[in-house]
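Chemist: Have a look at this fold, sequence not included:
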Ligand SMILES: Nc1ncnc2c1ncn2[C@@H]1O[C@H](COP(=O)(O)OP(=O)(O)OP(=O)(O)O)[C@@H](O)[C@H]1O
Ligand SMILES: [Mg+2]
């Protein structure tokens with residue numbers, strides 16, 4: 001259930017340039033508890049930069065970013081690591097290590113989040129996460145033995161293993177056929193419901209946006225150009241917005 005009074009992420013007037021390339025000019029957004037916010041934008045518009053700024057993988061230049069009530073600029077590295085355990089990040093491309101089995105890939109990710117969880121406890125979490133994405137019994141497989149859709153699911157399982165409060169999905173369905181893409185989109189909605197997760201989902205896949213979005217934001221010319229439900233944005237007469245829905 002979406003709780004509009006509880007804001008988990010608040011970006012205000014965020015600016016980020018790389019040299020003369022002004023990527024984020026003045027971006028503001030809020031994510032409420034339980035909400036799936038879909039961000040759309042052309043390739044190169046700064047969508048990945050935006051979510052990397054949220055977890056300080058990239059330092060923004062000005063403006064403020066609050067995540068789970070922390071001003072992320074003010075955090076020490078240690079505090080930032082603690083905060084990152086509550087945030088799952090599904091990177092663009094599945095980014096699995098080819099030389100490790102599915103289980104090992106997941107265990108490796110866990111080690112970075114919490115070294116204390118090991119042995120039977122770790123195996124149980126891995127099993128549960130794989131089960132959650134419909135991939136029970138695949139733990140011993142190598143990434144090369146998986147289809148593109150299965151790799152996305154494993155990457156998703158790895159992201160949700162610690163049941164993060166917030167998930168940042170960067171293009172969760174890119175490169176997948178329409179049927180698999182819909183399955184992954186439904187899985188995202190399932191996880192939202194089952195664990196009351198909140199998410200920012202970056203996509204140019206409008207079918208994914210339609211299935212997953214409670215609210216959408218169009219990132220255009222470095223600003224939060226338009227915000228609203230899928231239906232309202234799809235009816236927006238502004239050509240810059242409308243072109244995503246053609
Ligand atoms: N680490 C970096 N150093 C310099 N420039 C960068 C860096 N990361 C991103 N950029 C630049 O920022 C701009 C936005 O990149 P970003 O990856 O956020 O685009 P995107 O909207 O995610 O695109 P796509 O849909 O293709 O993934 C691009 O011009 C890119 O070259
Ligand atoms: Mg990107």
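Modeler: Yep, it's here. Values in this document were obtained by computation on a predicted structure and should not be read as measured data. Ligands and ions are numbered 1, 2, ... in the order given.

Chemist: list the helices and strands the helix or strand hosting residue 186 packs on?
Modeler: Assigning secondary structure by DSSP states H and E places residue 186 in helix 178-195. Secondary-structure packing of helix 178-195 (3 or more C-beta pairs under 8 Å, 6 or more residues apart in numbering; DSSP states H and E): strand 36-40, helix 148-160, strand 198-202, helix 206-212. From N, CA and C alone the C-beta is placed, and that goes for glycine too.

Chemist: Can you report the mean pLDDT over the residues of the second one?
Modeler: Computed over helix 148-160, the mean pLDDT rounds to 89.

Chemist: ok, and what's touching that helix?
Modeler: With C-beta atoms under 8 Å, 6 or more residues apart in numbering as the test, helix 148-160 has contacts from 88-91, 94-96, 102, 105-106, 109, 126, 129-130, 132-135, 138, 143, 146, 167, 172-173, 175-177, 180, 183-184, 187-188, 191, 195, 197.

Chemist: Over to the residue of the chain found nearest ligand 2. Which of the three states is it?
Modeler: Closest residue of the chain to ligand 2, C-beta to the ion: residue 48 (3.2 Å). What DSSP: H, G, I helix; E, B strand; the rest coil gives for residue 48 is helix.

Chemist: Tell me how many other residues crowd it.
Modeler: Counted with other C-beta atoms under 10 Å, the neighbours of residue 48 add up to 20.

Chemist: Can you get me the centre-to-centre distance for stretch 218-234 and its chain?
Modeler: Relative to the mean C-alpha coordinate of its chain, stretch 218-234 is positioned 18 Å out (C-alpha atoms, centre = their mean, to the nearest Å).

Chemist: buried residues in that stretch?
Modeler: The neighbour-count check on stretch 218-234 (16 or more other C-beta atoms under 10 Å) flags 218, 219, 220, 222, 224, 225, 226, 227, 228, 230, 233, 234 as buried.

Chemist: Including secondary structure, could those go into TSV?
Modeler: Below are the buried residues of stretch 218-234 laid out as TSV (three-state DSSP):
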residue	secondary structure
218	strand
219	strand
220	strand
222	coil
224	strand
225	strand
226	strand
227	strand
228	strand
230	helix
233	helix
234	helix
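
Chemist: Show me the domain layout of this structure.
Modeler: Split into domains by automatic domain parsing, the chain comes to 3-86+165-245, 99-163.

Chemist: The ones you listed: lowest mean pLDDT?
Modeler: Among the domains of the chain, domain 99-163 carries the lowest mean pLDDT, a mean of 89.

Chemist: returning to that earlier point: how about the helices and strands packed on helix 178-195 in TSV, adding mean neighbour count and distance to ligand 2?
Modeler: Below are the helices and strands packed on helix 178-195 laid out as TSV (neighbours: other C-beta atoms under 10 Å; distance: least, C-beta to the ion, whole Å):
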stretch	mean neighbour count	distance to ligand 2
strand 36-40	24	10
helix 148-160	22	15
strand 198-202	25	7
helix 206-212	21	14
